[in-house]
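1. task: produce atomic coordinates for the following.
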Amino acid sequence: MHPDKPVAGPVIDARRYDAVIFDMDGVVTDTASIHAAAWTQVFDDFLAARTPGPGENCDPFTASDYQDYVDGKPRYDGVADFLASRAISLPRGEPSDTAADGTICGLGNGKDEVFLARIAESGVPVFATTVALVRRLRAAGVRAAVFSASRNAAQVLDAAGLGDLFAVRVDGVVAEELELPGKPDPATMVLATQRLGAEPERTVVVEDAEAGVSAGRRGGFGLVIGIERGGDPDRLLCTGADVVVADAEEIRVRSGFRRLSEIADALACWPSIADAVEDEHVAVLLDFDGTISEIVPDPDAAIPIEGVRATLATLAARCPVAVISGRGLDDLRRRVGVEGIWYAGSHGFELMAPDGTEHVHEGGLKAERALVRAAAELAERLSRIPGVLIEPKRFAVAVHHRKVAADAVSTVVATVHDIARGQGLRVTAGRKVTELRPDVDWDKGRALHWVLDLVNRPVMPMYLGDDLTDEDAFDAIQVTGVPLVVRHGDTGDRRTAARFALDSPARAGEFLQRMAELLTGESDWAVGRSWLLTYDGYDPAAERLREALCAVGNGYLVTRAAAPETRAGAHHYPEPMSRESTTGSATTSADGTSRTRAW
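-> This next block holds a predicted model:
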């Protein structure tokens, strides 16, 4: 089994997330200290001039007061919450009041005046690392928005030279016009996401305030990243952050993927795929739901497409075959019903070999009790939401929300995250499903390698899958195998690491049938190829990968090239190369270096 590998900081993967929304103060602009100073000046002046009434606390405003009662909130709400913490009662007043009027609105307006005066005097510092992150996201095709409780967000961004950085801005002015509640209510975040054309579950929130992190969690967002520059990450973890970093430079972006609609059809490209297949060296691995079974509203009603069982049995007689699914192992075996193949249930936390030998991931065993508790808590807390389907498994709990009303999905997702935090579990997402798993670095890619390690002979893996969870398997075989995605519309025209595509489970079945015919020698392609390329005595374990190259020379210069679908890797470098030659002939050695010879 491959050891778990630690992940260095959070990753925003363009396949899994369509948008990222940023809080402005303290995340994009370095204005938190200016806000804190303005609040301190206004509150200290007010408290110093006030004669304490019974039970009132008129001690000076503190940094803790700023974080606990004011940070990230609309200013009038912040005033009210802080005064309540000191047992001080003031009338709300009118939006036109000044600090001298002694009202909640007056104090909030007074803070605004002090804040604007300070930025006019000293300018607006920005966090360059956050700006760089936004630019990387935009280059990767991931949309970005900024939100703020401040009515001055536009002026602040313009003063910082960032007026055009974000496609969408939702600030205090917008919130007031639409009568949106402030944080910790997620209304402004949800609006920013909607205006980007994204869904909360495929959107990342980046926040530095406790109220904002709490709002992100309540809003059902796919990933909530906290930024804590003061060295106290627990402050944000306790309010719902999935991960906390000290600075945006720790956040990585994965990009360079094509959209589903841009991937070449595998059946149309069958000749090039068949050419790459060497009979006894192939392994066929695949997902179940959405790949060889249609997605249905009730997961218990899913069955394999017609004829695929016989196809898998034929393949299994010629090469290793594995079904890697999020379903429990027993359920998966019963549903597929083919002897002589590998089964990997719960995303590979549990395996069964063709001979019936079982293998279980140690991390899964340690999480079994927590998963049982989580399933019970989910059933209790989500029982009143129509359409929710909870699917407990040995090493996972899936919460299906395909039949849940759109306005209730965020509540479902937020509840799953909340329970995961309480039970020490990990949250993953798929096609209309949010899932709890053991909190270890394990996925279908690692499960695929585990199967291949146990097969214990050199193979070229082919993997078919349809879901986000299958992207890990695609990553695992980018250099050494053939990743194929089964297209669908549940998450739009999302990005993928797959090299080829199939338009439906039925087309996936047709592809597998062609593979079976090829491996059994019954395919017209198998007997009708005009040429074959073989390597005599090639030992993959000891030698670097070979390349199919062509070379053209004119007696002075020779240029080599590789097929456009070849992929570079640690030991494989199919880049074009030119070099001078004495005459017009060239050869390429097994290690990829070019040599020239005269005739």
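2. list the contacts of Tyr41.
-> For the record, residue 41 is Gln, not Tyr. Val114 (CB atoms under 8 Å, 6 or more residues apart in numbering). (Each C-beta comes from the backbone N, C-alpha and C, glycine too.)
3. so where does it fall, helix or strand?
-> For Gln41, the host element (DSSP states H and E) is helix 32-49.
4. any idea how far that helix is from the chain center?
-> 40 Å (CA atoms, centre = their mean, to the nearest Å).
5. swap in stretch 298-310?
-> For stretch 298-310, the distance to the chain centre is 28 Å (CA atoms, centre = their mean).
6. what about it, average pLDDT?
-> Averaged across stretch 298-310, pLDDT comes to 94.
7. for that stretch, how far is the first residue from the last?
-> End-to-end distance for stretch 298-310: 25 Å, by CA to CA, to the nearest Å.
8. repeat for stretch 251-258
-> In stretch 251-258, first residue to last residue: 22 Å (CA to CA).
9. would you mark the buried spots in stretch 134-146?
-> 134, 136-137, 140, 142-146 (16 or more other CB atoms under 10 Å).
10. re the thing from before, quick check: mean pLDDT of the helix holding Gln41?
-> The model assigns helix 32-49 a mean pLDDT of 92.
11. pull out the buried positions in that helix.
-> 32, 34-36, 38-43, 46-47.
12. possible to save these as JSON lines with distance to Arg335?
-> Below are the buried residues of helix 32-49 laid out as JSON lines (distance: CB to CB, whole Å):
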{"residue": "Ala32", "distance to Arg335": "53"}
{"residue": "Ile34", "distance to Arg335": "60"}
{"residue": "His35", "distance to Arg335": "57"}
{"residue": "Ala36", "distance to Arg335": "58"}
{"residue": "Ala38", "distance to Arg335": "62"}
{"residue": "Trp39", "distance to Arg335": "60"}
{"residue": "Thr40", "distance to Arg335": "63"}
{"residue": "Gln41", "distance to Arg335": "67"}
{"residue": "Val42", "distance to Arg335": "65"}
{"residue": "Phe43", "distance to Arg335": "63"}
{"residue": "Phe46", "distance to Arg335": "68"}
{"residue": "Leu47", "distance to Arg335": "68"}
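13. and which of the residues you listed is nearest to Met462?
-> Of all the buried residues of helix 32-49, Ala32 has the smallest distance to Met462: 51.5 Å, by CB to CB.
14. that closest one contacts Asp208, doesn't it?
-> Yes: with contact defined as CB atoms under 8 Å, Ala32 reaches Asp208; the gap is 7.1 Å.
15. for the residue nearest to Arg86 when sequence neighbours are not counted, give me the pLDDT.
-> Residue nearest to Arg86 in three dimensions, not counting chain neighbours: Asn57, with 4.4 Å by CB to CB, 6 or more residues apart in numbering. pLDDT recorded at Asn57 is 95.
16. follow-up on the earlier one: need the residues touching each of Ala32 and Asp208.
-> Shared contacts of Ala32 and Asp208 (CB under 8 Å, 6+ apart): 25-26.
17. C-alpha coordinates for the helix holding Gln41, CSV please?
-> Output of helix 32-49 as CSV, limited to C-alpha atoms (Å, rounded to 0.1, in the frame of the first residue of the first chain):
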residue,chain,number,x,y,z
ALA,A,32,-8.4,45.4,9.7
SER,A,33,-6.0,47.4,11.8
ILE,A,34,-7.5,50.7,10.5
HIS,A,35,-11.0,49.5,11.3
ALA,A,36,-9.9,48.4,14.8
ALA,A,37,-8.2,51.7,15.4
ALA,A,38,-11.3,53.6,14.2
TRP,A,39,-13.6,51.5,16.4
THR,A,40,-11.2,51.9,19.4
GLN,A,41,-11.2,55.7,19.0
VAL,A,42,-15.0,56.0,18.8
PHE,A,43,-15.8,53.6,21.6
ASP,A,44,-13.1,54.8,23.9
ASP,A,45,-14.3,58.4,23.5
PHE,A,46,-17.9,57.3,24.2
LEU,A,47,-17.0,55.1,27.2
ALA,A,48,-14.8,57.7,28.8
ALA,A,49,-17.5,60.3,28.6
